[in-house]
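Colleague: Got a predicted structure here, sequence first:
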Amino acid sequence: MYFTYVHSGKTGSDTLNLFMRQFICLSRPGSGPSGGEYSLSTSKNNIRSGDDIDENRRTPASIEGCNTCQFRHVGFCHAVIDAASDAKRGRSAKGSIRARQHIYRPGETPKRVIVLRSGWALRSALTSDGRRQVLSILLPGDIAGGELVMHDQVRTPVHSVTPVEYCAFDVENLKEIAKDDPSLVWTFVDICFSGREASESRLVDLGRRNAEQRLARLVLDLHERLTAKKLADGRTIPFPLRQQNIADALGLTQVHVSRVMRSLRENDVVRVKGGVLTILNMEALMDIAELYPS
């Protein structure tokens, strides 16, 4: 798919609106033919409330904080830091949230998007009968709440898996920055494209691959992403996901996930212990996933 950008007098904010409306809607719950919305239920999913992003608990993020952050040269943060003046950049904020807490709830109207500095989070959709589907796993350096640039309300709930530290960026401030430097627009477009590609790959996994293949591909995807972020130690990665999280991500039962994990362990392919996963046999794992070096 190719796109040609014609300026035609539009501001960066106008261009941002155009592209975000085209791409954000492709991956959000409720954008399909049924148009149904999903929500995250605290009672059925044992996710605690009362620890959302709180303006009163934030401390202003210093420019020095950006300069020392390991993700300053990656994706969204890189674009914002390069595009924003010192004054606008100083409007970001930082904070933290405990494990298994809501970060965004459907229908809320927060004024900031966040980038994870540390910790893991999940974007999830919950069906009316209580079943959850994990839409994406958010790692340090990933953005959450990007749809708020285009929509006043949260469309997709996000909750923390582990304790999370984050930087928060004012939505109106981001729009101002985009007016001055359209390169930020293209960063959002790139994020949308990447999200769409990941969603398409996940759709194929859920529809056409067996449980062992799905789990193998999830592990390899996390290893690749964490390696790119310099958060992997060779073939060893942090792995704080519970079996229920994995089941919700792969469309399986927790019992099925346990069975597949045991098989991988007994065949010396993967070992999980103490929140850490080690790939013992990369070639075997890639064979299971049907991923072959080009």
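Modeller: Arrived safely, thanks for sending.

Colleague: use CA for all of it now, contacts and neighbours both
Modeller: Noted.

Colleague: measure stretch 176-192 end to end?
Modeller: One end of stretch 176-192 to the other measures 20 Å (CA to CA, to the nearest Å).

Colleague: could you give the mean pLDDT of it?
Modeller: Across stretch 176-192, pLDDT averages out at 79.

Colleague: Would you map the helices across the stretch 151-294 of the chain?
Modeller: 171-180, 183-208, 211-228, 243-250, 254-266, 282-289 (DSSP state H, counting those that start in this stretch).

Colleague: of all the ones you listed, which lies closest to Cys69?
Modeller: Among these, the nearest to Cys69 by CA to CA is helix 211-228 (15.4 Å).

Colleague: what is the orientation angle of the closest one with helix 183-208?
Modeller: The directions of helix 211-228 and helix 183-208 differ by 160 degrees, with axes from the mean of the first three to the mean of the last three CA atoms, to 10 degrees as the criterion.

Colleague: got the CA positions of helix 211-228 in CSV?
Modeller: Taking Å, rounded to 0.1, in the frame of the first residue of the first chain, the C-alpha atoms of helix 211-228 are listed here in CSV:
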residue,chain,number,x,y,z
ALA,A,211,-1.7,-23.7,20.1
GLU,A,212,1.9,-24.7,20.0
GLN,A,213,2.5,-22.5,17.0
ARG,A,214,0.7,-19.5,18.6
LEU,A,215,2.8,-19.7,21.8
ALA,A,216,6.0,-20.1,19.9
ARG,A,217,5.3,-17.1,17.7
LEU,A,218,4.3,-15.0,20.8
VAL,A,219,7.6,-15.9,22.5
LEU,A,220,9.7,-15.1,19.4
ASP,A,221,7.8,-11.8,18.9
LEU,A,222,8.5,-10.7,22.5
HIS,A,223,12.1,-11.7,22.2
GLU,A,224,12.5,-9.7,19.0
ARG,A,225,10.8,-6.6,20.5
LEU,A,226,12.7,-6.8,23.8
THR,A,227,16.0,-7.3,22.0
ALA,A,228,15.4,-4.2,19.9
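
Colleague: Distance from the chain centre to it, please.
Modeller: The chain centroid and the centroid of helix 211-228 are separated by 15 Å under CA atoms, centre = their mean, to the nearest Å.

Colleague: Which residue lies nearest the spatial centre of the chain?
Modeller: Centroid-nearest residue in the chain, with CA atoms, centre = their mean: Leu138, separated by 3.2 Å.

Colleague: Quick check: that residue vs Leu222, distance?
Modeller: Per CA to CA, Leu138 is found 10 Å from Leu222.

Colleague: about what we covered before: as JSON lines, the helices of the stretch 151-294 of the chain with distance to Lys273 would be great.
Modeller: As requested, those are exported to JSON lines (distance: least, CA to CA, whole Å):
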{"stretch": "helix 171-180", "distance to Lys273": "40"}
{"stretch": "helix 183-208", "distance to Lys273": "26"}
{"stretch": "helix 211-228", "distance to Lys273": "14"}
{"stretch": "helix 243-250", "distance to Lys273": "13"}
{"stretch": "helix 254-266", "distance to Lys273": "11"}
{"stretch": "helix 282-289", "distance to Lys273": "18"}
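
Colleague: quick one: contacts for Gly113?
Modeller: Small correction: residue 113 is Val, not Gly. Residues counted as contacts of Val113 (CA atoms under 8 Å, 6 or more residues apart in numbering) are 143-146, 148-149, 168-171.

Colleague: Could you find the closest non-adjacent residue to it?
Modeller: Nearest-residue entry for Val113: Gly145, 5.0 Å, with adjacent residues in sequence omitted and distances by CA to CA, 6 or more residues apart in numbering.

Colleague: so that neighbour touches Ile114, yeah?
Modeller: Yes: between Gly145 and Ile114 there is a contact at 6.6 Å, judged by CA atoms under 8 Å.

Colleague: rewinding a little: just give me the neighbour total for the nearest residue to the residue nearest to the centre of the chain once chain neighbours are set aside.
Modeller: Closest residue in space to Leu138, ignoring its immediate chain neighbours: Ala121 at 4.9 Å, by CA to CA, 6+ apart. As a burial measure, Ala121 scores 27 neighbours (other CA atoms under 10 Å).
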